[in-house]
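In: quick check, what structure comes out for this input:
(chains A and B, ligands or ions: 2)
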Amino acid sequence: MMDKYIIKAGALVKAFGDKKNGELTYALNGANLGVYEGEILAIMGPSGSGKSTLLYALTGIIGINSGRIEIDGQDILKIKDSELTALRRTKFGFVFQFNKLVPELTALDNVALPLLLNGVKRKHAYEEAENWLERVGMKDFANKSATVLSGGQQQRVAIARALVIKPKIVFADEPTGALDAMNSENVMRLFVTIAKQTGTTVVLVTHEPSIAAYADREVIVRDGKVLSNV
Amino acid sequence: MYSRLLLKFIKSNKARFSLITLAVSVAIVCVLLILSGINAVLLKQERDNWAIFQASTLDEANYTRLAEVWENYDVNVAKGTRPGDCSVTPKGIQVFLIRGQGDSTGFPWVKTPEKGEFYLSERLSEIWESYKRGEELGPRFDDIFSRLGERYLGVLPKEMTPSPDTLMVVRYYSDEDEVRLIKAKKDMDAWNTGEVDFCSKEAHLLTLESDPGNDKYTNPQFDTNLAQELHPRMNIFMTLFELIAIIGLLFPICLLISISTGLGAKQKEQRFAAMRLIGATKGQISRLMGIETAVSTVIGIILGYLAFNILRTPVAQNFTLNGTHFYQDDLNYSPWQLALSIVTTVALAIIVNARSFSKVNISPLGVVSGAKVNTNPRFLGLFVLLAGVGITAYLLASTQYNTERSVEESSATLNIFFVGFILTLLGLLLCGSWVIYAVSRRLSSRANSALGMLSFKRWEFMPRVVFRSCAGVIVCMYIGSFVYTLAGVYNAFAEQQGNLLDINNPFKEIVSIGTVFLVITVIIATIGLSVSTANGLLERKESFATLHLSGVSLRQLRALVLIESVVPMVFSVLISAALGYFMANTMLIASANSDDAMGGIIWRLDTNLIIATLGCALLSALAVLLVSVSLRKIVDPLSSRKE
Ligand SMILES: Nc1ncnc2c1ncn2[C@@H]1O[C@H](COP(=O)(O)OP(=O)(O)OP(=O)(O)O)[C@@H](O)[C@H]1O
Ligand SMILES: [Mg+2]
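Out: Ligands and ions are numbered 1, 2, ... in the order given. Below you'll find the predicted structure:
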């Protein structure tokens, strides 16, 4: 199982420029990374080392200055913007600390949304969303507005939302960053269990060793380079 | 570019400040313009009435007013029109013939003209000068200058000339005049009895009381009060004007203030929350915000006052009533009115500010905008709307277009109609958010597409915010559509009659003044819409970023924003335009009477109305579209996480 790369990225360079004094910050400076299909990979490293930048670069959310990125056999730097959007809609799931739920929607609506976006019929989408809420233990809160949920509850819903489309890869940037230790343990356990059950690849950025412990493998990012790509 | 700047602006602290300043100064300008406009109209009417005044105070007065022709205006073509209909030709030269003794009590310093003496209005004296210099003025003047007299007494005082454009002669009523007038009267009698096909120009321009059998023509009655000569609907229009002016202008301005005070609540969240945490009281923070509003209101008042004084000259030069301009000095306000408008504006700003601020709950946990605490809007306003529409519908169903109706009966119906008219407007404003809430609730539980669901949920979740951005346009379109429809009917009627007295059509001016007001209010409403859309984008940054991540393309997001803001706006425009149209036609049908027939033209779609409706809808769509350009920046995960 763990021998086929689903993500291959090489020699990634991303510089943020200060237009005024022309100084460049290299957030990525020749980073190489391979992710195996079905694995849970933790990306660790000190603050400001380029972890988030790496994650965004991999998904095509931000452009890079040079390098290659291949996901599931597709060179995502060459494909059109609309294809990238479609890729995100059908194959990727995201759990970010800052990407909260859509506040106007209920928990259930939030989970059903990605399915509706993929053109799934309303009835079916809501049934599926309910199943997923049940799996993350949020069934009782299905019709609550997203705004009244606690941080941990919101994150569970976000996980259900990321997984509901049965993505190939879930990208997570400090998914439990806002939660206390116990809550983040619970959420992570749930997340990892479901990912394992469904065979989903997870790329997880964190600087909590206790969170990274749930991963199959760890890499360290320092000064824009991936250090231990074991 | 525009939308980037707008977003940047809204994020900065300057936004609230400058938008309130803008709203207040526009309010001051508008209120002062309305007040001074009303003053100018009243003064103009007063000056127009002088002749009656003058004559009634002379001993043994013999006077008449004879309007002569200006600019080749051939009334003889107006076959089939009663002569009385064309008695007032404001663009003509008015000649007052006076024979009497003593001084007028009204203008004792103006010598009563004796044999061979005459006065000219200022504008006419200029024309006379160029005529004397031998410039070819042709038959336009109908030889009027040859009949002036021998002794020029000078320029008439301003108080006697309604407008700087007035062409007026005041001269002695000579025996030759008497001969001409008697002939004219005979001509007209012949025309009236059908002996001749058309009467002489002179007769046509005189309103002579038919006095069969009396050859001696001594004291022709002439009603010189222009205001009373106007169409009876004019009074209704004056009332409506005040309505447009007051509700139509101040309402969007209040909305803009209210939208502005709500701006940046999220941006201030941290700052205020931090202050609360370190022990600042709620009152202290309110005061802090209040000071900001107070300062911007004061600056707004000063700017508005200056702007009015700058605008006064172009307004006086460009606006006309009955085809003639105002004196610039007449376009003025009394100190009382100035004080009143400042007090009103300040009071409005304070009330609106306090209202929107009372909904913001400043706790150490951050500012929670009231709109987010989801209290469902009440549907009581619906009853008001139903009552208003019900009254009007009842009038429409129970009455018929009937020109036999007496004037009394018709004005009784009109009173009922106005109750319906006002109730409908109030109802529209009171039940708007409930309607948005109820409809979107129904729809969102059925939506099959993600975008549909998102917009319906947004409306259901924040009906007040959505409605607030449309309310201004609702008021303008409702009144605008009403005015345009009525004016359109009047114009069509005049055309149908072959009435050439276009220059005397007050509806032309009503339409142009009304259009200026509509444009101002729609622009204010559009500013409000762009600002609230942009603010909405900022507040929902995270949602949009999430949606974008979940695979919603930028184009779809843009469509979402557009649908969310433009659909309610377009509906508001259409519904209020349709209601205004319905109101206008109901009024035409229910109030038609023997005096006010309008030739049975009803349910006519006026071009102005169609243009205004489409323009309004397009403008709002454009405003939102421009704002939505910045979505790319909004959904950028790099910028959203830096917040
Ligand atoms: N939009 C940006 N503009 C300029 N510099 C940026 C931008 N985004 C990131 N950087 C810089 O790039 C470097 C890497 O940032 P990145 O966010 O990837 O770090 P990180 O490893 O995720 O840190 P943390 O653990 O604190 O989240 C930092 O020096 C940061 O200042
Ligand atoms: Mg990071």
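In: how near is the most centrally placed residue in chain A to ligand 1?
Out: Chain A has residue A:171 as the residue nearest its centroid, 1.6 Å off, counting by C-alpha atoms, centre = their mean. Distance from residue A:171 to ligand 1, counting by C-beta to the nearest ligand atom, to the nearest Å: 13 Å. In short, each C-beta sits where N, CA and C put it, glycine included.
In: so where does that residue fall, helix or strand?
Out: strand A:169-173 (DSSP states H and E).
In: starting from that strand, tell me which strands it pairs with and how they run.
Out: Taking DSSP bridges as the criterion, strand A:169-173 sits next to strand A:92-96 (parallel), strand A:201-205 (parallel) in its sheet.
In: okay, the first one in PDB with CA atoms only?
Out: Pointing back at strand A:92-96 there. What follows is the C-alpha trace of strand A:92-96 in PDB, where atoms were taken according to Å, rounded to 0.1, in the frame of the first residue of the first chain:
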ATOM      1  CA  PHE A  92      -9.300  17.300  -1.900                       C
ATOM      2  CA  GLY A  93     -10.600  18.000   1.500                       C
ATOM      3  CA  PHE A  94      -9.400  20.800   3.700                       C
ATOM      4  CA  VAL A  95      -9.400  21.300   7.500                       C
ATOM      5  CA  PHE A  96      -7.800  24.500   8.400                       C
END
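In: and it, what's its mean pLDDT?
Out: Averaged over strand A:92-96, pLDDT sits at 85.
In: moving C-terminal of it, what's the next helix or strand?
Out: helix A:107-117.
In: what about residue A:137, which SS state?
Out: At residue A:137 the chain is in coil, as set by DSSP: H, G, I helix; E, B strand; the rest coil.
In: residues near it, how many?
Out: By other C-beta atoms under 10 Å in any protein chain shown, the residues close to residue A:137 number 13.
In: so what's the nearest residue to it once chain neighbours are set aside up against?
Out: Take residue A:137 and drop its neighbours on the chain: the residue closest to it by C-beta to C-beta, 6 or more residues apart in numbering or on different chains is residue A:156, 6.5 Å away. Residues in contact with residue A:156, defined by C-beta atoms under 8 Å, 6 or more residues apart in numbering or on different chains, are A:136-138, A:187, A:190.
In: of those residues, closest to ligand 1?
Out: Sorting the contacts of residue A:156 by how near they are to ligand 1, with C-beta to the nearest ligand atom, puts residue A:187 at the top with 18.6 Å.
In: what's the helix or strand hosting that closest one packed up against?
Out: According to DSSP H and E, residue A:187 maps onto helix A:181-198. Packed against helix A:181-198 by the contact rule (3 or more C-beta pairs under 8 Å, 6 or more residues apart in numbering or on different chains; DSSP states H and E) you find strand A:40-44, helix A:151-163, strand A:201-205, helix A:209-212.
In: for chain A, which residue gets nearest to chain B?
Out: residue A:89 (2.4 Å; C-beta to the nearest C-beta).
In: could you measure from that residue over to residue A:164?
Out: As for residue A:89, its distance to residue A:164 is 12 Å (criterion: C-beta to C-beta, to the nearest Å).
In: same thing with residue B:21?
Out: Distance from residue B:21 to residue A:164, counting by C-beta to C-beta: 49 Å.
In: can you check residue B:603 too?
Out: Using C-beta to C-beta, we find residue B:603 at a distance of 54 Å from residue A:164.
In: neighbour-wise, which of the two wins?
Out: When residue B:603 is set against residue A:164 and neighbours are counted by other C-beta under 10 Å, the residue ahead is residue A:164, at 24 against 12.
In: which residue sits closest to the more buried one, ignoring its sequence neighbours?
Out: With C-beta to C-beta, 6+ apart, the residue lying closest to residue A:164 is residue A:132, at 4.9 Å.
In: per-residue pLDDT of residue B:279, please?
Out: Reading off the per-residue confidence, residue B:279 sits at a pLDDT of 65.
In: how about residue B:436?
Out: In the predicted model, residue B:436 carries a pLDDT score of 90.
In: phi, psi of residue A:142?
Out: Torsion angles at residue A:142 (phi, psi; degrees, to the nearest 10) stand at phi -50, psi -40.
In: my read: it touches residue A:130, true?
Out: Yes. Taking contact to mean C-beta atoms under 8 Å, the distance of 6.4 Å between residue A:142 and residue A:130 places them in contact.
In: which neighbours do these two share?
Out: Common contacts of residue A:142 and residue A:130 (C-beta under 8 Å, 6+ apart): residue A:108.
In: coming back round to it: how many residues are close by the residue of chain A closest to chain B?
Out: A count of nearby residues for residue A:89, using other C-beta under 10 Å, gives 20.
In: for it, what is the enclosing helix or strand?
Out: Under the assignment given by DSSP H and E, the secondary-structure element containing residue A:89 is helix A:81-90.
In: what angle do that helix and helix A:107-117 make?
Out: 140 degrees (axes from the mean of the first three to the mean of the last three C-alpha atoms, to 10 degrees).
In: for helix A:81-90, which outside residues touch it?
Out: In this structure, residues lying in contact with helix A:81-90 by C-beta under 8 Å, 6+ apart are A:59-60, A:71, A:74, A:76, A:79, A:94, A:114, A:117-118, A:165, A:167, B:549-553.
In: which of those residues fall in helices?
Out: With helices identified by DSSP state H, the entries of the contacts of helix A:81-90 that belong to them are A:59, A:114, A:117, B:549.
In: JSON lines for the residues you listed, including pLDDT?
Out: Listed next are those as JSON lines, based on pLDDT from 0 to 100:
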{"residue": "A:59", "pLDDT": "86"}
{"residue": "A:114", "pLDDT": "88"}
{"residue": "A:117", "pLDDT": "85"}
{"residue": "B:549", "pLDDT": "80"}
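In: of those, closest to residue B:343?
Out: The nearest member of these to residue B:343, counting by C-beta to C-beta, is residue B:549 at 52.4 Å.
In: what bridges to the spatially closest residue to that closest one that is not a sequence neighbour?
Out: If the residues on either side of it in the chain are set aside, residue B:549 comes closest to residue A:94, at 4.6 Å by C-beta to C-beta, 6+ apart. The residues listed as beta-bridge partners of residue A:94 by DSSP bridges are residue A:171.
In: quick one, what contacts residue B:434?
Out: The contact partners of residue B:434, by C-beta under 8 Å, 6+ apart, come to B:377-379, B:381-382, B:463.
In: for residue B:398, state which of the residues you listed is nearest.
Out: Out of the contacts of residue B:434, the member with the shortest distance to residue B:398 (by C-beta to C-beta) is residue B:382, at 23.3 Å.
In: pLDDT of the host helix or strand of the closest one, averaged?
Out: When elements are assigned from DSSP H and E, residue B:382 belongs to helix B:380-398. When the per-residue pLDDT values of helix B:380-398 are averaged, the result is 91.
In: tell me the helix or strand right after that helix.
Out: Helices and strands here follow DSSP H and E; after helix B:380-398, the next one along the chain is helix B:407-444.
In: okay, stretch B:111-121 in PDB with CA atoms only?
Out: As requested, C-alpha coordinates have been extracted for stretch B:111-121 and formatted as PDB (Å, rounded to 0.1, in the frame of the first residue of the first chain):
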ATOM      1  CA  LYS B 111     -45.700 105.700 -10.100                       C
ATOM      2  CA  THR B 112     -49.000 104.700 -11.700                       C
ATOM      3  CA  PRO B 113     -48.500 105.100 -15.400                       C
ATOM      4  CA  GLU B 114     -50.400 107.900 -17.100                       C
ATOM      5  CA  LYS B 115     -51.200 108.500 -20.700                       C
ATOM      6  CA  GLY B 116     -48.200 107.500 -22.900                       C
ATOM      7  CA  GLU B 117     -46.100 106.100 -20.000                       C
ATOM      8  CA  PHE B 118     -44.700 102.700 -19.700                       C
ATOM      9  CA  TYR B 119     -42.400 100.400 -17.700                       C
ATOM     10  CA  LEU B 120     -40.500  97.400 -18.900                       C
ATOM     11  CA  SER B 121     -39.100  94.400 -17.000                       C
END
